[in-house]
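> sequence unknown, structure follows:
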Ligand SMILES: Nc1ncnc2c1ncn2[C@@H]1O[C@H](COP(=O)(O)OP(=O)(O)OP(=O)(O)O)[C@@H](O)[C@H]1O
């Protein structure tokens, strides 16, 4: 009996270890308009999870909820639960700054600060109290290397980040995110403002990052989801219609609505 209990506990902890986010029966309203309906979803650690679906289906809303950025919008109400690392993200004990340190975000349009490349990347660590130049230098180099842009910018770290191309700016923004050592990186259509070559570079980078980070990416681009993600969630009008291995979702969807969407019959 004791063995049975300890086995069960082991199994449960294996399950807990597998998922970094556990979303349970989650609903969200903007004022009186409901945008998310009964979402149940586990986000696996060190995997790339793509969220796809037609415009307005709630992809960004779901993504922005995961690090509580959604609270910047007034009159948002929620029900149900979201756990990050087994703790309720909405609990009073959860400091929102801590959550956002662990769950970083990269946006659709590259949004560097009007500062030097160095200062962009050092911004987060400085806010966290790191002042020593040597330590900051190391973080900046490591983060820029992690974002696969070190070689392109190492000789112009003191130049304004606005002088970089869009694709380079987005990689600096990813470096800025890496510099605060998150566990999860949320990406909201990170390549939609980029040309195809920059897009491929970012896609390669995302695949490399999954060794160290859990990535959730919202994308309009189904080919992109198929190319880079392990898991894909298909959403429609605020509902999670289907969520499974990417290969399965694209080759053998269970729901007619998923099939219609991926075969281009709507959306
Ligand atoms: N700040 C807001 N205030 C009120 N309603 C909002 C707000 N942001 C989004 N919505 C509504 O919530 C629903 C989901 O929007 P959301 O932006 O999450 O969809 P999406 O799937 O990310 O769309 P897109 O692909 O076009 O970015 C839509 O009906 C949208 O109009």
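That came through fine. Everything numeric in this text was worked out from a predicted model, so none of it was measured.
> so what pLDDT did the closest residue to residue 116 other than its chain neighbours get?
In space, and not counting its chain neighbours, residue 116 is closest to residue 158: 4.8 Å by CB to CB, 6 or more residues apart in numbering. Yep, even glycine has a C-beta here, placed from its N, CA and C like the rest. In the prediction, the pLDDT value recorded for residue 158 is 97.
> so residue 158: helix, strand or coil?
Using DSSP: H, G, I helix; E, B strand; the rest coil as the criterion, the local structure at residue 158 reads coil.
> which ones are touching it?
Contacts for residue 158 (CB atoms under 8 Å, 6 or more residues apart in numbering) come out as 116, 117, 118.
> pick the one among these closest to residue 105.
residue 117 (19.6 Å; CB to CB).
> make sure the closest one is actually in contact with residue 155.
No. Taking CB atoms under 8 Å as the definition, residue 117 is not a contact partner of residue 155, at 10.5 Å.
> which element is the nearest residue to residue 182 once chain neighbours are set aside on?
Closest residue to residue 182 apart from its sequence neighbours, by CB to CB, 6+ apart: residue 104 at 3.7 Å. According to DSSP states H and E, residue 104 maps onto strand 103-106.
> residue 177: what's it in contact with?
104, 105, 106, 185.
> one step back: of residue 117 and residue 155, who's got more company?
Shown here are residue 117 and residue 155; by other CB atoms under 10 Å, residue 117 has more neighbours (28 against 8).
> where's the more buried one relative to residue 149, distance?
The span separating residue 117 from residue 149 equals 9 Å under the rule CB to CB, to the nearest Å.
> common neighbours of those two, please.
Joint contacts of residue 117 and residue 149 (CB under 8 Å, 6+ apart) are residue 172.
> one step back: closest one of the contacts of residue 177 to residue 37?
When these are compared for distance to residue 37 (CB to CB), residue 105 comes out closest, at 23.6 Å.
> quick check: the residue nearest to that closest one when sequence neighbours are not counted vs residue 86, distance?
Taking CB to CB, 6+ apart as the measure, residue 105 lies nearest to residue 186, with 4.5 Å between them; neighbours along the chain are not counted. Here residue 186 is placed at a distance of 19 Å from residue 86 (CB to CB).
> likewise for residue 103?
Using CB to CB, one obtains 14 Å as the distance from residue 103 to residue 86.
> secondary structure class for the most centrally placed residue in the chain?
Within the chain, one residue has its C-alpha closest to the average C-alpha position: by CA atoms, centre = their mean, that is residue 186, at 1.5 Å. For residue 186, the reduced secondary structure class is strand; criterion used: three-state DSSP.
> measure stretch 225-233 end to end?
Taking CA to CA, to the nearest Å as the measure, stretch 225-233 stretches 10 Å from start to finish.
> show me which positions of it end up buried.
Residues of stretch 225-233 classed as buried under the neighbour-count rule (16 or more other CB atoms under 10 Å) are 225, 226, 227, 228, 229, 231, 232, 233.
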